[in-house]
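Asks: requesting a structural model of the entry that follows:
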Amino acid sequence: MKSFITVFLILLCSYPILSQGDSTDVAIRQYDLVCSYPLESDFFSTAGVTLNKAFQDIYFRGIAGYVPDKIKPITETIWALNWSFIFTMWPHDGGHWLRASEVGGEFVIERFGYPFPVAKMHLPENLDDRYETLASIGGHEINFLMRQQIHTNYYLNQYAFADELIFGLVQDLMYPLYTFVIAYAKPSNPEVWTDTRGDPVEYTLSVYKKFTDRPAIMENGEVDPDLISQYREGTVLGLLWPMLSPMFLRGLQSFKADFKDNFGLIKGPWMIGNDRLSWSWGTHFNPSPLGYELYLMNYFRIRKTLVLVSLKYGRPYKNNGIGINVPEAISFKNFHVGLSADAWDQDIYGMGGSVLVRAGYLPQKGFGIHLGAGYKTDGYMIGRKVDASSIVRAGCSYSF
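Replies: Numbering: from 1, shown residues only. A predicted model of the protein is given here:
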């Protein structure tokens, strides 16, 4: 914890020395939709981001013109927050459905419900360790991917729109919202671990039981102190780790943007360096079948090429990894080719890796296409099946 606080203070104090990235007056608004085979997270993660943008545009480019000026501040806030939450929760539940299906179970949404869909999870008994916990964390994986999609595009394009950055901030707050509001739990209370409710409790208990091979409740009727410590550690880091990223502050600042002015265009990200080489960072938290994961994202801009290097550390199981993503390794007019590769060393799954090649025709105006293909070995990777598998992606975009 001392080392964590030290890193927190260093990064926090670094904010004033960051340089403002270049901005542009000509920005492209783009809607994306991607599907993959076998069915993985791409559809839900891209649909959530796109639908949020589309519904903000429906209001500010249409409905707002018929709303009296006196009540516009109220209607704008209610509309924006309502749809941002809706398009956070439904893709989140889509992630639960995907992971439940992967392990041979079911996640059934019984009715709409508000603010949360009413759903039930049915899983096979005695799941293998490699599959246990997946269904509990599937929703937060989608939140991670939506946030990372927004952040990567921001550093790639050197601009973003206010609604996108606010939506990314909402994804950062999703796990703390669960732990402190939606499913608040006092870990020292035995009933929390016998009548489990909420993703953080369920995933923590599953990992603890696998890792220690001990019951949550000791013979004296009290909760195992190691379980209490594990839950609190994940809760604190789930709240504080995302705050170390400049993008967290950027998301907060986006609330001040005028959505009616060029869709709330936000200038380029803070980066240290110059036009030839610059760098910035991001921090992400993710619950996984091996315990919580801490990601340090390194955004390098080498002239006009973005290179993203991600470092991952997880516990209580060993869970270390590195990833490299070059979204536009080759770029010619409206045609782009990207490449990403990941490697990991994990308990339960062993050492492994993944590679993905993406290509797209993305004009500044009109319809475009996305294509992708790749392969991964056994291992846990956010949004990908645990077992070794190939993947084929295809999608479309609309830009204006």
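Asks: for residue 82, phi and psi?
Replies: phi -60, psi -50 (degrees, to the nearest 10).
Asks: measure it to residue 88 for me?
Replies: Distance of residue 82 to residue 88, computed by CB to CB, to the nearest Å: 11 Å. Every residue, glycine included, has its C-beta placed from N, CA and C.
Asks: comparing these two, which residue is more hemmed in?
Replies: Using other CB atoms under 10 Å as the criterion, residue 82 and residue 88 rank with residue 88 on top: 21 against 13.
Asks: can you tell me the element residue 330 falls in?
Replies: Under the criterion of DSSP states H and E, residue 330 resides in strand 319-332.
Asks: next helix or strand past that strand?
Replies: Counting by DSSP H and E, the element after strand 319-332 in chain order, helix or strand, is strand 335-346.
Asks: show me how far the strand holding residue 330 is from its chain's centre.
Replies: On the basis of CA atoms, centre = their mean, to the nearest Å, strand 319-332 sits 17 Å off its chain's mean C-alpha point.
Asks: residue ranges of the strands in the stretch 251-400 of the chain, please?
Replies: In the stretch 251-400 of the chain, the strands defined using DSSP state E, counting those that start in this stretch lie at 265-266, 270-273, 277-288, 291-302, 305-316, 319-332, 335-346, 350-361, 366-376, 389-399.
Asks: mean neighbour count and distance to residue 233 added to those, as a markdown table?
Replies: Formatted as a markdown table, those follow (neighbours: other CB atoms under 10 Å; distance: least, CB to CB, whole Å):
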| stretch | mean neighbour count | distance to residue 233 |
| --- | --- | --- |
| strand 265-266 | 21 | 34 |
| strand 270-273 | 17 | 29 |
| strand 277-288 | 20 | 11 |
| strand 291-302 | 21 | 8 |
| strand 305-316 | 18 | 9 |
| strand 319-332 | 17 | 14 |
| strand 335-346 | 18 | 19 |
| strand 350-361 | 17 | 25 |
| strand 366-376 | 16 | 29 |
| strand 389-399 | 16 | 32 |
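Asks: closest to residue 153 out of those?
Replies: In terms of CB to CB, the element of the strands of the stretch 251-400 of the chain nearest to residue 153 is strand 319-332, at 8.3 Å.
Asks: on that earlier part again, and the strand holding residue 330, what does it pack against?
Replies: In terms of contacts (3 or more CB pairs under 8 Å, 6 or more residues apart in numbering; DSSP states H and E), strand 319-332 is packed against helix 134-157, strand 305-316, strand 335-346.
Asks: mind putting the ones you listed into a markdown table with distance to residue 298 and mean pLDDT?
Replies: What follows is the helices and strands packed on strand 319-332, written out as a markdown table (distance: least, CB to CB, whole Å; pLDDT from 0 to 100):
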| stretch | distance to residue 298 | mean pLDDT |
| --- | --- | --- |
| helix 134-157 | 11 | 96 |
| strand 305-316 | 4 | 97 |
| strand 335-346 | 14 | 97 |
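Asks: let's have these in TSV, adding distance to residue 213.
Replies: As requested, the helices and strands packed on strand 319-332 are arranged in TSV below (distance: least, CB to CB, whole Å):
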stretch	distance to residue 213
helix 134-157	19
strand 305-316	13
strand 335-346	19
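Asks: can you tell which of those is closest to residue 93?
Replies: That would be helix 134-157 among the helices and strands packed on strand 319-332, by CB to CB, at 6.1 Å.
Asks: quick one: that closest one to strand 305-316, angle?
Replies: 150 degrees (axes from the mean of the first three to the mean of the last three CA atoms, to 10 degrees).
Asks: now helix 134-157 - C-alpha only, PDB.
Replies: Extracted as PDB, the C-alpha positions of helix 134-157 are listed here (Å, rounded to 0.1, in the frame of the first residue of the first chain):
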ATOM      1  CA  LEU A 134     -16.200 -15.600 -15.500                       C
ATOM      2  CA  ALA A 135     -19.900 -15.000 -15.400                       C
ATOM      3  CA  SER A 136     -19.600 -12.700 -12.400                       C
ATOM      4  CA  ILE A 137     -17.000 -10.400 -14.000                       C
ATOM      5  CA  GLY A 138     -18.300 -10.400 -17.600                       C
ATOM      6  CA  GLY A 139     -20.200  -7.200 -17.300                       C
ATOM      7  CA  HIS A 140     -17.300  -5.200 -16.000                       C
ATOM      8  CA  GLU A 141     -15.200  -6.500 -18.900                       C
ATOM      9  CA  ILE A 142     -17.500  -4.700 -21.300                       C
ATOM     10  CA  ASN A 143     -17.200  -1.500 -19.200                       C
ATOM     11  CA  PHE A 144     -13.400  -1.800 -19.500                       C
ATOM     12  CA  LEU A 145     -13.600  -2.300 -23.200                       C
ATOM     13  CA  MET A 146     -15.900   0.600 -23.800                       C
ATOM     14  CA  ARG A 147     -13.700   2.900 -21.800                       C
ATOM     15  CA  GLN A 148     -10.500   1.700 -23.500                       C
ATOM     16  CA  GLN A 149     -12.100   2.100 -26.900                       C
ATOM     17  CA  ILE A 150     -12.900   5.800 -26.100                       C
ATOM     18  CA  HIS A 151      -9.500   6.500 -24.700                       C
ATOM     19  CA  THR A 152      -7.600   4.900 -27.500                       C
ATOM     20  CA  ASN A 153      -9.500   6.800 -30.200                       C
ATOM     21  CA  TYR A 154      -8.800  10.000 -28.200                       C
ATOM     22  CA  TYR A 155      -5.100   9.500 -28.400                       C
ATOM     23  CA  LEU A 156      -5.300   8.300 -32.000                       C
ATOM     24  CA  ASN A 157      -7.300  11.100 -33.400                       C
END
